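In: 3D, please:
(chains A, B, C and D)
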2 protein chains.
Amino acid sequence: MPTYKDIRSTLLDRIKSGEWQPGMLLPSEAELAEEFGSTRVTVNRAMQALADDGFVERRRKAGTRVVRRLTRDALIRIRIVRDEIEQSGRRYSYLLIRRGRERPPPGIQAELGIGSKTEALHIVCLHFADGRPFQLENRWINLDVVPQAQSETFETISPNEWLVQKVPYSNAEHVFRAAAADPEEQQQLDLARDEPVFVIERTTWLDDRTVTHVTLSHPAGNFRLVTRD
Amino acid sequence: MPTYKDIRSTLLDRIKSGEWQPGMLLPSEAELAEEFGSTRVTVNRAMQALADDGFVERRRKAGTRVVRRLTRDALIRIRIVRDEIEQSGRRYSYLLIRRGRERPPPGIQAELGIGSKTEALHIVCLHFADGRPFQLENRWINLDVVPQAQSETFETISPNEWLVQKVPYSNAEHVFRAAAADPEEQQQLDLARDEPVFVIERTTWLDDRTVTHVTLSHPAGNFRLVTRD
DNA sequence: GAGTGGTCTAGACCACTCG
DNA sequence: GAGTGGTCTAGACCACTCA
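Out: Okay, here's the model as predicted:
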């Protein structure tokens, strides 16, 4: 007696082998239930799993179709920078460079969703791997959302780790880009001449209120972001 | 009467609000079923959805716990380059630069998983947005896996689109990095002086056999990769 | 209107794994 | 051994949406 996972797997094979081509209409749940000698509920569970994974699209009355893939989804797992460094067997260290309340520039104001006269917490710090600069962190924290940040010095704990503890489940948007290094990046990251930076920008929300916006710059020579399905 | 989605949503609120902290043991399915006035099956469906999304971890006998988040997952949707350009309202065009059978350099041999004397199909081409270079594609195709590629000229269809048609459901690994431009990138992408490139490398398999390896270079000034949970 | 998927209940048995 | 999650069946009703 097949489980819904067995059924899912069998159906997926038919899709991957090309037996069921993109755009094709699949048999109804009732028909498949008969074929597999199981219940419609079980087939439904399998088909929903395939739909969750983006292989098929389902509509009532219209039935289930193999998706036409125009995109490829890649999942990136971004670790806390300390973990990332330690996991690779290198020694992690941390240095706070600046910390203060400031009125952010207009672009950051917009990201944080705050008024032009409101101050936010601005932090610049460095993360090292085996004593060499690995990541320059330039962060703005919205004090309307996380007022506790005011009483934290960030001298021993990085804002990265502090925020994960205080605000564990937020949403985020990332932008990845390459850029020529600006003078501060050039100096703090100790870059080779003409070495560009790999930049991750992250904005984090809690229920539509922006918690923080951060720019993470890395020497291009020692940073790559890897993905596997 | 709550649906499993209602239950999922209620439980997720408790996690996000901090009522249920990371590491905490959740009530058993039976207890929650009683609380919500539903069946254990329905609660199970909700909890499995939370587990799929990475919010909780479940083990028989040990129960269900809120996950301690040390990572953040980001989903990147990579479109076919033509779609990406047209979707943004720009005009797409394509130019084949080179195409030929060659013995690939050692690094590519390893990626493709072929012997040192085996030839592969090497293609270099350019994708334009509104007539300006957008992406330089440098691709190796494993002819053991996709022999049909030999009889395709790739003069009117890009290898990108051709492969999606021929091999719709493959697995992939991506590497994102920044780099100083090499001479060919500098010339073909018409880069400003000292402008770095944003590089995506993708390896694609079909059942453990490597189909293709491609390096996609973009002018840093006009390329960003965006993600949203 | 009719066919398809979406979901629930009630009861059951199984599989894992902790103590 | 016992408690927890994993899954199935059988029957039912509902909700959407296509023709």
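In: Helix, strand, or coil at A:Leu96?
Out: Secondary structure for A:Leu96, judged by DSSP: H, G, I helix; E, B strand; the rest coil, is strand.
In: these two touch, right, it and A:Phe154?
Out: Yes: assessed by CB atoms under 8 Å, A:Leu96 is found in contact with A:Phe154 at 5.5 Å. Where you see a C-beta, it was placed from the backbone N, CA and C, and this is true even at glycine.
In: and for those two, which residues touch both?
Out: A:Ile123, A:Cys125 (CB atoms under 8 Å, 6 or more residues apart in numbering or on different chains).
In: Tell me the buried residues in the helix or strand that contains A:Arg65?
Out: Here A:Arg65, judged by DSSP states H and E, is contained in strand A:63-66. By neighbour count with 16 or more other CB atoms under 10 Å in any protein chain shown, strand A:63-66 contains the buried residues A:Thr64, A:Arg65, A:Val66.
In: which residues does the second one contact?
Out: In this case it means A:Arg65. Contacts of A:Arg65 (CB under 8 Å, 6+ apart): A:Gly23, A:Met24, A:Leu25, A:Leu26, A:Val56, A:Glu57, A:Arg58.
In: can you check the first one too?
Out: A:Thr64 makes contact with A:Leu25, A:Leu26, A:Ser28, A:Met47, A:Ala51, A:Val56, A:Glu57, A:Arg58, according to CB under 8 Å, 6+ apart.
In: Tell me which other helices or strands the lowest-mean-pLDDT helix or strand in chain A touches.
Out: One helix or strand of chain A scores below all others by mean pLDDT, DSSP states H and E: strand A:225-228, with a mean of 82. When contacts are defined as 3 or more CB pairs under 8 Å, 6 or more residues apart in numbering or on different chains; DSSP states H and E, strand A:225-228 sits against strand A:71-79, strand B:171-179.
In: how about 10 Å then?
Out: When contacts are defined as 3 or more CB pairs under 10 Å, 6 or more residues apart in numbering or on different chains; DSSP states H and E, strand A:225-228 packs onto strand A:71-79, strand B:71-79, strand B:171-179, strand B:197-206.
In: and stretch A:81-97, how far apart are its ends?
Out: Stretch A:81-97 has its terminal residues 17 Å apart, counting by CA to CA, to the nearest Å.
In: and that stretch with chain B, contact?
Out: Yes: applying CB under 10 Å from any CB of the partner chain, one finds stretch A:81-97 in contact with chain B at A:Arg82, A:Asp83, A:Glu84, A:Gln87.
In: pLDDT wise, what is the one residue in chain A that gets nearest to DNA strand C at?
Out: Nearest residue of chain A to DNA strand C (CB to the nearest atom of the strand) works out as A:Lys61 at 2.8 Å. Note on A:Lys61: pLDDT of 91.
In: Repeat that for the one 5 residues further on.
Out: A:Val66 carries a pLDDT score of 94 in this model.
In: related to what we said a few turns ago, please see if the strand holding A:Arg65 touches DNA strand D.
Out: No: Strand A:63-66 lies out of reach of DNA strand D by CB under 7 Å from any atom of the strand, never closer than 8.5 Å.
In: does any part of that strand sit near DNA strand C?
Out: Yes: applying CB under 7 Å from any atom of the strand, one finds strand A:63-66 in contact with DNA strand C at A:Gly63, A:Thr64.
In: mind showing which ranges of chain A have poor pLDDT?
Out: Applying pLDDT under 70 to chain A flags residues A:228-229.
In: Quick one: the helices in it, in order.
Out: A:4-16, A:29-36, A:40-52, A:81-87, A:106-112, A:159-166, A:183-188 (DSSP state H).
In: nearest to B:Thr3, of these?
Out: Evaluated over those, closeness to B:Thr3 peaks at helix A:40-52, with 13.6 Å, by CB to CB.
In: need the residues of chain A near DNA strand C, please.
Out: Counting by CB under 7 Å from any atom of the strand, chain A sits next to DNA strand C at A:26, A:28-30, A:40-41, A:44, A:47-48, A:51, A:58-64.
In: Go again with 6 Å.
Out: Within chain A, the residues that sit near DNA strand C (CB under 6 Å from any atom of the strand) are A:Ser28, A:Glu29, A:Val41, A:Asn44, A:Gln48, A:Arg58, A:Arg60, A:Lys61, A:Gly63, A:Thr64.
In: Count residues in the vicinity of the fifth one, would you?
Out: The one in question is A:Gln48. A count of nearby residues for A:Gln48, using other CB atoms under 10 Å in any protein chain shown, gives 17.
In: Name the residues of the least confident helix or strand of chain A that are buried.
Out: Neighbour counts over strand A:225-228 (16+ other CB under 10 Å) mark A:Leu225, A:Thr227 as buried.
In: Also stretch A:18-27?
Out: By neighbour count on 16+ other CB under 10 Å, the buried set for stretch A:18-27 is A:Trp20, A:Pro22, A:Leu26.
In: The residue lying closest to the second one once chain neighbours are set aside: what's it in contact with?
Out: Setting aside the residues directly before and after it, A:Pro22 is nearest to A:Arg68 in space (CB to CB, 6 or more residues apart in numbering or on different chains), at 4.4 Å. For A:Arg68, the residues meeting the contact criterion (CB atoms under 10 Å, 6 or more residues apart in numbering or on different chains) are A:Gln21, A:Pro22, A:Gly23, A:Met24, A:Glu57, B:Val164, B:Pro168.
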